[in-house]
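Visitor: Could you look at this predicted model? Sequence included:
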Amino acid sequence: MQAGLKPACSRFHLLHEKFQAGVRLYLTLVAPFVGVLLAIAISNYESQIKEQQDLIK
């Protein structure tokens, strides 16, 4: 079973070396956008909860 995995691991290693810089660049560009969208979603959720609490009062 390990003999079958060895060629797959070596192919993965070659792909990893080939696309490593591109993947890092992509993740570096995408991560801030994900963080901003997450912050906006949390802020909207908190404002909705506050509005519901104010409406109840």
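Guide: In hand now; what should we look at? As the structure is a computational prediction, the values presented were derived from the model and not from experiment.
Visitor: what about residue 32, neighbour count?
Guide: Using other CB atoms under 10 Å, residue 32 has 9 neighbouring residues. All C-beta spots, glycine's among them, are computed from the backbone N, C-alpha and C.
Visitor: Return the residues in contact with it.
Guide: By CB atoms under 8 Å, 6 or more residues apart in numbering, no residues touch residue 32.
Visitor: same check, this time on the one 3 residues further on
Guide: Under the criterion of CB under 8 Å, 6+ apart, the contact list for residue 35 is empty.
Visitor: and it, what helix or strand is that in?
Guide: Secondary structure from DSSP states H and E places residue 35 in helix 2-56.
Visitor: any idea how far that helix is from the chain center?
Guide: Offset of helix 2-56 from its chain centre (CA atoms, centre = their mean, to the nearest Å): 1 Å.
Visitor: I'd like the mean pLDDT over that helix, please.
Guide: For helix 2-56, the mean per-residue pLDDT is 83.
Visitor: please renumber so the chain begins at 45
Guide: In the new numbering, first residue 45, that becomes helix 46-100.
Visitor: Good, wrapping up.
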